[in-house]
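J.: got a predicted structure plus its sequence, pasted below:
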Amino acid sequence: MDRDGDGLAVERQREDCLKICTDRGWEPTQYIDNDTSASRGRRPSYERMLSDIRSGHIDAVVAWDLDRLHRQPKELEQFIELADEKRLSLATVGGDADLSTDNGRLFARIKGAVAKAEVERKSARQKRAFLQMAQSGKGWGPRAFGYNGDHEKAKIVPKEADALRSGYKMLMSGETLYSIAKSWNDAGLKTPRGNLFTGTTVRRILQNPRYTATRTYRNETVGDGDWPAIVDETTWEAAHSILSDPSRHQPRQVRRYLLGGLLTCSECGNKMAVGVQHRKNGNVPIYRCKHVSCGRVTRRVERMDEWVKELVLRRMSSRHWVPGNQDNRELALELREELDAIKHRMDSLAVDFAEGELTSSQLRIANERLQVKLDEVESKLRRTNVKPLPDGILTANDRGRFYDEMSLDARRALIEALCDSIVVHPIGLKGMQATHAPLGHNIDVHWHKPSNG
């Protein structure tokens, strides 16, 4: 570990250890874990050294000091057992350590205990310092994407901030994290560590409340930061809600068809999936009710997709329905305040119970009633988190072309933003009449009304 932070301490320690090897005629193999603290878990070079000891590749270990070799008592005990088993020699700059004797092991354990205490004191000091910085509104830690690295006077990096805002919009327009990462990589952007973006990296970035100029410590909000915000809280909350959805962590079926899972069968209420209809000139993909005991409702994929496209484009000629309007934003803020009040009331009940002012039965009944209210408010809040439309679609000169160039996920998200449901009834016709029926025959579209709350 490099305590000086510039590599000089490790270099001095390395030179001292190499001198011991030279004096004793030992051929050295170097194992260096630079800048790896005791709290960070894995030490790759140390683990490689243990592997070489077990295999018999080395029979002596030289360390600058015992507390440089082990920072955790558990590590030391494992090393003592291995050293005893392999008859290992151990030398330090301060002298040899004989782990085969009681006194040698006692000395090593004392050094290990002192090292652990030092780590714990350092950790406590760091945590306290970080908490103080968070409470004072100062930024801390590594540079965040979107900002420069100056914690005293944080400034927005315009190109990165624009990418962040675009990333939030892409997420809420139905694009995948991978798509966002690709767009940032294609723009020549890099992470603060100089790496390419991945879906996992993008998820972590978009879930960081720092971009709303909010101070947090150990995932708890402690106040407002003294740096400029890149996105507003409503945008961040909507993105956080999407990324926190448990269904996103489940293996997802790769979609090949626009309306698979978006259409509802009028007969049984189940979603419609994609199947095939066998014809003389080949198989034709169709949407059909996926319930095996129903199967009464079908539509050809090509015709249905084209009809929904025309429907969406016509709907966008009217502006009153546009998702994410001001009424929705204000309602969302009111609902969050109501949520906070309910949660505060539930916390107060727990305090009253602890102080003996409520019985367990009274606490249970009160909590059950509050939980019902909480569920209702959360449900309303989810309905206000309507996904905005993809940038440019309302102002595009050729909306049809714009729609065609959107990704499948973005088109599906657009349809979900506009429609509460699309209910498909049996066509009710046979033969040529069925073949030539209008595209929207016997289909009910229930449009979303964003301002209803």
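T.: Cool, the structure landed. Nothing here was measured: the structure is a model prediction, and the numbers come from that model.
J.: every contact and neighbour count from this point should use C-alpha atoms.
T.: Will do.
J.: how about the helices of the stretch 201-350 of the chain, start to end?
T.: For the stretch 201-350 of the chain, the helices defined by DSSP state H, counting those that start in this stretch occupy 233-243, 301-315, 326-354.
J.: closest to His436 out of these?
T.: Comparing the helices of the stretch 201-350 of the chain against His436 with C-alpha to C-alpha, the closest turns out to be helix 301-315 (11.1 Å).
J.: helices or strands up against that closest one?
T.: Helix 301-315 sits against strand 282-289, with contacts defined as 3 or more C-alpha pairs under 8 Å, 6 or more residues apart in numbering; DSSP states H and E.
J.: all strands for the chain, in order.
T.: Using DSSP state E, the strands of the chain run over residues 60-63, 89-92, 95-96, 214-217, 220-224, 263-265, 272-279, 282-289, 298-300, 419-424, 443-447.
J.: need those strands in CSV with distance to Arg12, mean pLDDT and mean neighbour count, can you?
T.: Putting the strands of the chain into CSV (distance: least, C-alpha to C-alpha, whole Å; pLDDT from 0 to 100; neighbours: other C-alpha atoms under 10 Å) gives the following:
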stretch, distance to Arg12, mean pLDDT, mean neighbour count
strand 60-63, 12, 88, 20
strand 89-92, 14, 81, 18
strand 95-96, 17, 72, 12
strand 214-217, 37, 67, 20
strand 220-224, 42, 60, 14
strand 263-265, 70, 90, 24
strand 272-279, 68, 84, 16
strand 282-289, 71, 86, 19
strand 298-300, 75, 87, 20
strand 419-424, 68, 88, 19
strand 443-447, 72, 88, 15
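J.: isn't Pro158 up against Asn148?
T.: No: with contact defined as C-alpha atoms under 8 Å, Pro158 does not count as touching Asn148 (10.0 Å).
J.: still on that earlier bit, most tightly packed of the helices of the stretch 201-350 of the chain?
T.: helix 233-243 (a mean of 18; mean count of other C-alpha atoms under 10 Å).
J.: how about the CA coordinates for that helix, as CSV?
T.: The C-alpha trace of helix 233-243 is given here as CSV (Å, rounded to 0.1, in the frame of the first residue of the first chain):
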residue,chain,number,x,y,z
GLU,A,233,-35.5,16.2,-9.1
THR,A,234,-38.6,15.1,-11.1
THR,A,235,-36.4,13.8,-13.9
TRP,A,236,-34.1,12.0,-11.5
GLU,A,237,-37.0,10.5,-9.6
ALA,A,238,-38.7,9.2,-12.8
ALA,A,239,-35.4,7.6,-13.9
HIS,A,240,-34.8,6.2,-10.4
SER,A,241,-38.3,4.6,-10.5
ILE,A,242,-37.6,3.0,-13.8
LEU,A,243,-34.2,1.6,-12.8
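J.: quick one: that helix to chain centroid distance?
T.: From the chain centre to the centre of helix 233-243 is a distance of 12 Å (C-alpha atoms, centre = their mean, to the nearest Å).
J.: ok, stretch 415-430 next?
T.: Chain-centre distance of stretch 415-430: 34 Å, with C-alpha atoms, centre = their mean.
J.: what's the weakest-modelled helix or strand in the chain?
T.: Within the chain, no helix or strand scores below helix 102-136, which has a mean of 57 by mean pLDDT, DSSP states H and E.
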